[in-house]
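Undergrad: here is my input; please provide its structure:
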Amino acid sequence: MSRTWDLSAGTGGQPAHPGLRGWGFALLLLATVASFCGYVLLLPLVPLWAARGGASEFGAGSTTSAFMLATVLTQLAMPWLLARGGYRWTLPAGAVLLGAPAPLLLLTTDLAPLLVLSALRGVGFGMVTVAGAAMAVRLVPSSQMGRASGYYGMAVGLPNLVLLSAGVWLALHAGFSAVFWTAGLAPVLGAVAAAAIGRVSGGTVAPAEPESTAETPDPEASRSRGRMYAALAVPLVVMLLPAIASSGIVTFLPIPLENASGAVTAALLVFGAAMVASRWLGGLLSDRRGRPCLLLPAAASAVAGMGLVAAGLWPAQEGWAGPGGAGTALVVAGAALFGAGFGGVQNDTIVLMFRRCGPRAYGTASAAWNIGYDAGTGAGSLGLGLAIQHVGYGPGFAAASVAMLACLPLSLAMAGRSGPSRDRGSPQ
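TA: Predicted coordinates:
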């Protein structure tokens, strides 16, 4: 008989943790890579597809905003779903919703249907992101939480590393059809892997108990939830501001550099590589030291990197042929610095939030972090689109760099206060 999602495989009614080498964790990574292939391939291409259909910078950016709005609205419901059996089906169902509508984008470049299809894909992405991040830490013991988050971050980041740059290049040189079809099929294959996780992992991915099962209000529970949300607020803000800025790289960078495909390919490649490496390193150091070690230097790196990209794009305007050698160097170096900073911020903030919430509220921590990430990306696409439309690419990217300066004192405060006794002693 196969094992089910609700089986307690350990002693004392607690599920056993096969850990990082278990089949369940391997299948989760496979499902994550496949699903994010579909996401990453289209992240810079749908705005470019809309722009080719005549949409303005604001209209092109609104496709990402529609995607992220649907993502965030879905993520708001995910803690409730995960606490009531959602681990069984949300990841595979979300992967199907993310992939299946992608080939339909080929039918039109009109903005309205592109917004509808983007929103539908966003529902699937919201399910994938929250369920995947929460399952990553449920499948391992607490001593492996940082590395589990790091490896999960690598599974998220590898598609960014390979496809964020290659997808744009392939679309510009081989056509959009093959890329859109690939972005549709990959998440569907990921859904197959996701559906098998429960059969090999047993009760490690089932919620310990619902986060709130009471029919009547409980004042003490309300106060406890209030303290938990307060503990999540600062790391959430530190992650939110770089997430807003990241939309400049993934959504708008290909547009001014459309005539310099080598520059945009290199910039997106180093952005993805640095983000993956930094997120893995952050997870490793977090487990070893029990605190967020990269938070402050990562935030500083993100600020500096976005400033360099702004300098490289400062001359960009209508009819611009692209950056010269110096401009390309600035854009590529800035993308690398920003990617390294953003990756470190991602891992340290999500691990900090998981530790502060405790196992019973992993779904809440995952939803809050992913909502901040995706809301930031969506708001950045909208806000930066408006800024770029009015003041240009260079000043728009520079404004994002200045806004991220607020992360530095917050990161310094968290790095000084956080430690094993504080973050591991989270509210249960």
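
Undergrad: what's next to stretch 133-150, contact-wise?
TA: 17-20, 22, 24-25, 28, 82, 87, 91, 151-152, 197, 201, 204-205, 279-288, 347, 350-351, 354-355, 359, 362-363, 365-366, 369-370, 424 (C-beta atoms under 8 Å, 6 or more residues apart in numbering). Every residue, glycine included, has its C-beta placed from N, CA and C.

Undergrad: in PyMOL, select just the buried ones from those.
TA: One line in PyMOL is enough to select the buried members of the contacts of stretch 133-150, burial here meaning 16 or more other C-beta atoms under 10 Å:
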select buried, resi 17+18+19+20+22+24+25+28+82+87+91+151+152+197+201+204+205+279+280+281+282+283+284+285+286+287+347+350+351+354+355+359+362+363+365+366+369+370
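
Undergrad: from the contacts of stretch 133-150, which ones fall inside strands?
TA: For those, not one is inside strands, with DSSP state E as the criterion.

Undergrad: just checking, which of the contacts of stretch 133-150 belong to helices?
TA: Here DSSP state H is the test, and the contacts of stretch 133-150 give 24-25, 28, 82, 91, 151-152, 197, 201, 279-288, 347, 350-351, 354-355, 362-363, 365-366, 369-370 as lying in helices.

Undergrad: spell out, range by range, the helices that occur in the stretch 251-400 of the chain.
TA: 261-289, 295-313, 325-357, 362-391, 393-403 (DSSP state H, counting those that start in this stretch).

Undergrad: of those helices, which approaches residue 409 most closely?
TA: In terms of C-beta to C-beta, the element of the helices of the stretch 251-400 of the chain nearest to residue 409 is helix 295-313, at 9.6 Å.

Undergrad: tell me what angle that closest one forms with helix 393-403.
TA: Helix 295-313 and helix 393-403 meet at an angle of 160 degrees, taking axes from the mean of the first three to the mean of the last three C-alpha atoms, to 10 degrees as the criterion.

Undergrad: other SSEs contacting helix 295-313?
TA: Packed against helix 295-313, as judged by 3 or more C-beta pairs under 8 Å, 6 or more residues apart in numbering; DSSP states H and E, are the following elements: helix 219-247, helix 261-289, helix 325-357, helix 393-403, helix 407-417.

Undergrad: touching, residue 162 and residue 272? I think so.
TA: Yes. In this structure, residue 162 is within contact of residue 272 by C-beta atoms under 8 Å, at 7.3 Å.

Undergrad: in terms of neighbours, single out the busier of those two.
TA: Relative neighbour count places residue 272 above the other of residue 162 and residue 272, with 27 against 18, counting by other C-beta atoms under 10 Å.

Undergrad: so how far is residue 133 from that one?
TA: 19 Å (C-beta to C-beta, to the nearest Å).

Undergrad: what strand or helix carries residue 55?
TA: Of the helices and strands defined by DSSP states H and E, none includes residue 55.

Undergrad: got the contact list for the nearest residue in space to it that is not next to it in sequence?
TA: In space, and not counting its chain neighbours, residue 55 is closest to residue 111: 5.2 Å by C-beta to C-beta, 6 or more residues apart in numbering. Contacts of residue 111 were listed using C-beta under 8 Å, 6+ apart, and they are 50, 53, 55, 59, 62, 63.

Undergrad: and the fifth one, what's its pLDDT?
TA: In other words, residue 62. The predicted local distance difference test score for residue 62 is 88.

Undergrad: now it: how far from residue 47?
TA: Counting by C-beta to C-beta, the gap between residue 62 and residue 47 amounts to 9 Å.
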